[in-house]
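Enquirer: Build me a structure from this.
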Amino acid sequence: MEIIYLLEGSLTVTIESSVREYHAGECVLINADIIHSTKCTAPNKAILFQIPLSFLSLYLPDAEQLVFNLDNPEGSDIRRTKLDIFKDTLTQMQIVNDIRPEGFILRFNSLLFEILFQLFHNFCIRVVHSNQSQRDKDRVRLDTILNYINQNYRRHISIEEIAGVAYLQSGYFCRFFKKCMGITFLEYQNELRLSYIYQDIIATDDSIKDILERHGFTNYKLFRRMFSEHFGATPTEVRKMRE
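Expert: Residues are numbered from 1 along each chain as shown. From the prediction side, this is the model:
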């Protein structure tokens, strides 16, 4: 399970093809084994908290049947108060972990179990996943696809090639990828390249040309347009902002 409490800025989150933009003060919870992705095109600050399902199962034996939801329905004062208390507990955990006073692990663990208690009593429902087997197969298939892209993104990967990796027909692969990731395969590959390029721009003094070649972006005109759309600035402006 993954919880993101956004403190500053914004974050776009895709959860099983549903896309939503979160802003400062909001929390997003992604349940275990749910296909998701995040996209950030400007600086932000957040508390990221991950709970392994194996750990949760030690204290909640039927954890795989629990679905957690931190959405804050408008007009529900009780729900809003519970969510505010939850956010405050997350913040306390972050403070304790940052300061680390003597014996901090005792305080941290007490807050951890307080978080689990709040999640269980205030933010969960019990369900039976009738299609769990298919979900597991889709997750394994998507992991194989994403790992292949990460290893080969610097070169051109055709639809036929990547579909073959997943043992799918090209048309079905395109629909499967868009459903899981919320964007097309080509968009994902270009956004992956952009993320690596952005990191190199702010972390190195290498020329833009060398960075583009390093990460397989051959169309400079397309790169400039996409970079400006994603980050709201040119590569040169981004590099100046780090100074």
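Enquirer: Which residue is the nearest non-sequential neighbour of Val165?
Expert: Spatial nearest neighbour of Val165, excluding adjacent residues (C-beta to C-beta, 6 or more residues apart in numbering): Tyr148 at 4.9 Å. Yep, even glycine has a C-beta here, placed from its N, CA and C like the rest.
Enquirer: pLDDT score for the one you found?
Expert: Confidence at Tyr148, expressed as pLDDT, is 94.
Enquirer: That one is in contact with Arg155, isn't it?
Expert: No. In this structure, Tyr148 is not within contact of Arg155 by C-beta atoms under 8 Å, at 11.7 Å.
Enquirer: In terms of neighbours, single out the busier of those two.
Expert: Tyr148 (16 against 7; other C-beta atoms under 10 Å).
Enquirer: For the more buried one, give me its contacts.
Expert: For Tyr148, the contacting residues are 157, 162, 165, by C-beta atoms under 8 Å, 6 or more residues apart in numbering.
Enquirer: what's the burial count for the second one?
Expert: A count of nearby residues for Ile162, using other C-beta under 10 Å, gives 20.
Enquirer: Any buried residues in the host helix or strand of it, and which?
Expert: Assigned by DSSP states H and E, Ile162 falls within helix 159-165. By 16 or more other C-beta atoms under 10 Å, the buried positions in helix 159-165 come out as 162-163, 165.
Enquirer: One more: stretch 174-186?
Expert: Applying 16+ other C-beta under 10 Å to stretch 174-186 flags 174, 176-177, 180-183, 185 as buried.
Enquirer: and which of those is nearest Leu116?
Expert: Cys180 (28.8 Å; C-beta to C-beta).
Enquirer: Chain neighbours aside, what residue packs nearest to Gly182?
Expert: Thr14 (3.7 Å).
Enquirer: Just give me the neighbour total for the residue nearest to Tyr196 when sequence neighbours are not counted.
Expert: Of all residues not flanking Tyr196 in the chain, His215 sits nearest, at 4.9 Å (C-beta to C-beta, 6+ apart). Close neighbours of His215, defined as other C-beta under 10 Å, add up to 18.
Enquirer: ok, now Asn147?
Expert: Should you count by other C-beta under 10 Å, Asn147 turns out to have 11 residues around it.
Enquirer: Next up, the contacts around it.
Expert: Asn147 neighbours (C-beta under 8 Å, 6+ apart): none.
Enquirer: so which strand or helix has it?
Expert: Counting by DSSP H and E, Asn147 is part of helix 132-152.
Enquirer: How about Ile125?
Expert: Judged by DSSP H and E, Ile125 forms part of strand 124-126.
Enquirer: what packs against that strand?
Expert: strand 66-68 (3 or more C-beta pairs under 8 Å, 6 or more residues apart in numbering; DSSP states H and E).
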